[in-house]
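Undergrad: next one to model:
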Amino acid sequence: MKIAIQGGKASFHDIASRNYFGNDIETIQCDSFRYLCEVLKNGQADYAVMAIENSIAGSILGNYSLMREYGFYIIGEIQLRIEQNLMALPGTKVEDLKKIRSHYMALLQCGDFLNQYPAIQVEEYHDTAESARAIRENHETGVAAIAGRYAAELYNLDIVAEGIETEKKNYTRFMILSSNKKERIKDANKATLSFQLPNKVGALADVLRLIVENEINLTKIQSIPILGKPNEYTFYVDCEFDDYEKFKQAIAINSIVKDLTILGEYKKGKMIHDYSKSRKA
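TA: Numbers count the residues shown, from 1 in each chain. Take a look at the predicted model:
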């Protein structure tokens, strides 16, 4: 099975994919989320794993738009406990550093730590684990990466400072994507919807009332501006349910909203705290 991920081996996407699918997979490593989408669209991968939100840095808004643009279907999710570590060539100390690099989301998650060292240059990189690999391959002195512990083990780097994320209860949620809209998950108890609202008073309240009346648990609502249409938004909603028939009744909101799309019906994802499965890969 081929799985498209953003980033390289030992990245959090890699860890999430192996915890979801197991180790008997081939990962296709992509430098960007759009390239990941192209790989899945073109049939080069069976599925894709895409981060959608972090408990510190918030939603990755562009990824909501990409899912809708490409018409992918969500078949699952997984939440991963994220521990960020500062790593560099063996023997390096914090006072030796001139530059720290990582993915922008990781940098955001470690803001309090980075603010302690204003003299050190902070540089965005396309991936956490790949920033660690570059240090090892290029033997970069005075440079550190922020990544997971597995990356330090894989690329033989010292952890200069561990657990540097600002919020220790730091989780990232990943969506499991399929290009096959006909694929359905048995016993689904969660769904993600997107829609637009007419420009009239009470439209959102009408939608929420219909959801509540059918005993649907609304776990998230996210709005994203529509390009070229000032003051208009696409809404993305996550909801959980015990009764699938009541969920189907709730999405009668299509009589209220515009362009209703079911982005996926799937099982509520597990919370992963242990990376041991990935380290054996």
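Undergrad: list the buried residues of stretch 5-17.
TA: Of the residues in stretch 5-17, 5-17 count as buried by neighbour count, 16 or more other C-beta atoms under 10 Å. Placement of C-beta: from N, CA and C, glycine included.
Undergrad: swap in stretch 128-146?
TA: Result for stretch 128-146 [16+ other C-beta under 10 Å]: buried residues 128-136, 140, 143-146.
Undergrad: include secondary structure and pLDDT when you put the residues you listed into JSON lines, please.
TA: Formatted as JSON lines, the buried residues of stretch 128-146 follow (DSSP: H, G, I helix; E, B strand; the rest coil; pLDDT from 0 to 100):
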{"residue": "Thr128", "secondary structure": "helix", "pLDDT": "94"}
{"residue": "Ala129", "secondary structure": "helix", "pLDDT": "94"}
{"residue": "Glu130", "secondary structure": "helix", "pLDDT": "94"}
{"residue": "Ser131", "secondary structure": "helix", "pLDDT": "97"}
{"residue": "Ala132", "secondary structure": "helix", "pLDDT": "97"}
{"residue": "Arg133", "secondary structure": "helix", "pLDDT": "96"}
{"residue": "Ala134", "secondary structure": "helix", "pLDDT": "97"}
{"residue": "Ile135", "secondary structure": "helix", "pLDDT": "98"}
{"residue": "Arg136", "secondary structure": "helix", "pLDDT": "97"}
{"residue": "Glu140", "secondary structure": "coil", "pLDDT": "97"}
{"residue": "Val143", "secondary structure": "strand", "pLDDT": "98"}
{"residue": "Ala144", "secondary structure": "strand", "pLDDT": "98"}
{"residue": "Ala145", "secondary structure": "strand", "pLDDT": "98"}
{"residue": "Ile146", "secondary structure": "strand", "pLDDT": "98"}
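Undergrad: which of those residues sits closest to Met1?
TA: Taking C-beta to C-beta as the measure, Met1 sits nearest to Ala129 out of the buried residues of stretch 128-146, at 20.9 Å.
Undergrad: next one: phi and psi at Val212?
TA: phi -70, psi -40 (degrees, to the nearest 10).
Undergrad: likewise Lys93?
TA: Torsion angles, degrees, to the nearest 10, at Lys93: phi -120, psi 160.
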